[in-house]
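[1] model this:
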Amino acid sequence: MFRPVRLGAYFLSLVFLFTSCAHYSLNKKYSGPKDIPDEVLKYYSYEKTSLKYSSRIIKEKEKYTIKRIEITSPFLGPVYSTMAAPKESVIIIDYYDIKGDKKTPVILVLPILGGNNKIANFFSSYFADHGLACLIVHRDEKQKDEVNLYNLEAFLRQMVADHKAAIDWISTQKDLDPGNIGVFGVSMGGIKAALLTALDPRIKASVIALAGGDIPYILLYTKEKGIRKRVSKIMDDIGLSKEDLYNLLSSKIMTDPIKYAEYIDARKVLMVLGVFDKVVPYKKGRELARAIGGPEEIDLLAGHYTSILYIFYIERASLDFFERKLK
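    From the prediction side, this is the model:
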């Protein structure tokens, strides 16, 4: 049951959002995704061995138990000879384990790029309260801090493998349904969700929020101060114009949702975009939606950060979507 403060905020949010957002249905002319090429699948493949993991309880709730799971990451190695290899690491997961013996659908909740996991925790708690198990796949902070122009593709590729390994783990759990897996992500989490939906057919439903395709463009034209500062330093250090750096990044980054969008089944996607988003530019979100084929879409009259005003609406719409798509 909602607390009084949350309930009041919820209804105020509803009044605002119903007059300031648009909800579009799936493109009626959509005919389905293209088959993903074998060479693309091979690029993200890894040797599957017996999964070794540790588990400990970190919090008990009325309807679920939160457990900390640690899995050894499937190490892919460098992409190009000039790139540093990602270091072997451990995948850290917060597992919202629904109490009882019933086999449950599960949602991978993918965090934003920086800061803490409050948003991921918020949505995971909501989904778990409604009977959906959740896995928050933590960012690899050590590798993130070491990412640079020359190992960005290796980092993104390894990230895909880590999330696929988390799905491998789901199949080892008797109380989770590997045939009913969804993914939810906001911002960088949404970019990850789009990639995973394209590259892993085990994903049956995907909510991609405040995200887009064309990672080089997003990096170069975002209004997010931290990224702009870092990009400006790179441009100064190597003496490239913004256009030249864009071309360089485009030639090196393969792990980009826009490049794999045609392999995503639009029927299992809900996109949530902010019309005034300048962190992940709105036009790049629309480009991704068009490349996917016209999935169900919600456009918010908000920017990247002011979309927080719609948080109760987004959680409700996401839950409705997962309940429609997952059995």
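
[2] going forward, measure contacts between C-alpha atoms and count neighbours the same way
    Will do.

[3] Quick one: residues in contact with the longest strand along the chain.
    As assigned by DSSP state E, the longest strand anywhere in the chain is strand 176-186. With Cα atoms under 8 Å, 6 or more residues apart in numbering as the test, strand 176-186 has contacts from 103-112, 133, 167, 170-171, 190-193, 197, 202-211, 322, 326-327.

[4] Only alpha carbons, please: show that strand as PDB.
    This file holds the C-alpha atoms of strand 176-186, laid out as PDB (Å, rounded to 0.1, in the frame of the first residue of the first chain):
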ATOM      1  CA  LEU A 176      13.100 -17.900 -12.200                       C
ATOM      2  CA  ASP A 177      11.500 -18.400 -15.600                       C
ATOM      3  CA  PRO A 178      14.100 -18.200 -18.300                       C
ATOM      4  CA  GLY A 179      11.300 -18.000 -20.900                       C
ATOM      5  CA  ASN A 180      10.000 -14.800 -19.400                       C
ATOM      6  CA  ILE A 181      12.800 -12.300 -19.200                       C
ATOM      7  CA  GLY A 182      12.400  -8.500 -19.500                       C
ATOM      8  CA  VAL A 183      14.900  -5.700 -19.400                       C
ATOM      9  CA  PHE A 184      14.400  -2.100 -18.100                       C
ATOM     10  CA  GLY A 185      16.900   0.800 -18.400                       C
ATOM     11  CA  VAL A 186      17.000   4.500 -18.200                       C
END
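
[5] after that strand, next one along is what?
    Later in the chain than strand 176-186, the nearest helix or strand by DSSP states H and E is helix 188-199.

[6] Now do that following helix against strand 176-186: the angle between them, please.
    130 degrees (axes from the mean of the first three to the mean of the last three Cα atoms, to 10 degrees).

[7] Off-centre distance for helix 188-199?
    Centroid separation for helix 188-199 versus its chain: 5 Å, with Cα atoms, centre = their mean, to the nearest Å.

[8] which other helices and strands contact that helix?
    In this structure, helix 188-199 packs against strand 104-110, helix 152-170, strand 176-186, strand 203-209, helix 257-260, with contacts taken as 3 or more Cα pairs under 8 Å, 6 or more residues apart in numbering; DSSP states H and E.
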